[in-house]
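S.K.: predicted model, plus sequence, below.
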Amino acid sequence: MEITSELSPDSAAHGPVVVVTIEGEIDYTNSDEMAGEIWDVLARHAPALIEVNLSAATFIDSTGLGALIAGYRAAADASCAFTVTSPTPAFRRVLTITGLSDLFGVPAEEEPTEPQRTPER
């Protein structure tokens, strides 16, 4: 797993936004590292919002979910908003099944719509 965090150039007027990007697997071998990065971001930047970008994450186990919950709680204790962004379809499913999608601000997956058919002439 690789973790990067950077102050977003789109920081809001209400305070800084920090994007934490996770690449690879999040499991029992590295979930403490992810939680630690979130705590470090809170200490270094005192952001108004932490966005955890999961677009490049490939796997998460229960300890990884626990680390996300710990990050959410730490952010809430610091009066910082916390969201998960860009989950892959597999991640979105895990977050939905576990009931964490609402907690992390992940919007419901849009239902596919059927293509519009043009009337035959």
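M.R.: Done, it's in.
S.K.: quick check, central residue of this protein?
M.R.: Val84 (2.0 Å; CA atoms, centre = their mean).
S.K.: what packs against the lowest-mean-pLDDT helix or strand in the chain?
M.R.: In the chain, no helix or strand scores lower on mean pLDDT, DSSP states H and E than strand 2-7, which sits at a mean of 74. Strand 2-7 sits against strand 17-26, helix 31-45, with contacts defined as 3 or more CB pairs under 8 Å, 6 or more residues apart in numbering; DSSP states H and E. (Each C-beta comes from the backbone N, C-alpha and C, glycine too.)
S.K.: same thing but 6 Å
M.R.: Applying 3 or more CB pairs under 6 Å, 6 or more residues apart in numbering; DSSP states H and E, we find strand 2-7 packed against strand 17-26.
S.K.: picking up where we left off before, the residue nearest to the centre of the chain: what secondary structure?
M.R.: strand (DSSP: H, G, I helix; E, B strand; the rest coil).
S.K.: got the phi and psi for Phe104?
M.R.: Phe104 adopts backbone torsions of phi -90, psi 10, taken as degrees, to the nearest 10.
S.K.: now do the same contact list for the closest residue to it other than its chain neighbours.
M.R.: In space, and not counting its chain neighbours, Phe104 is closest to Val84: 3.9 Å by CB to CB, 6 or more residues apart in numbering. By CB atoms under 6 Å, 6 or more residues apart in numbering, Val84 lies in contact with Val52, Leu54, Phe104, Val106.
S.K.: tell me how many other residues crowd the closest residue to Pro87 other than its chain neighbours.
M.R.: Among residues not flanking Pro87 along the chain, Leu54 sits closest, at 4.7 Å (CB to CB, 6+ apart). The number of residues packed near Leu54 is 25, by other CB atoms under 10 Å.
S.K.: next: Ser101.
M.R.: Neighbours of Ser101 under the rule other CB under 10 Å: 20.
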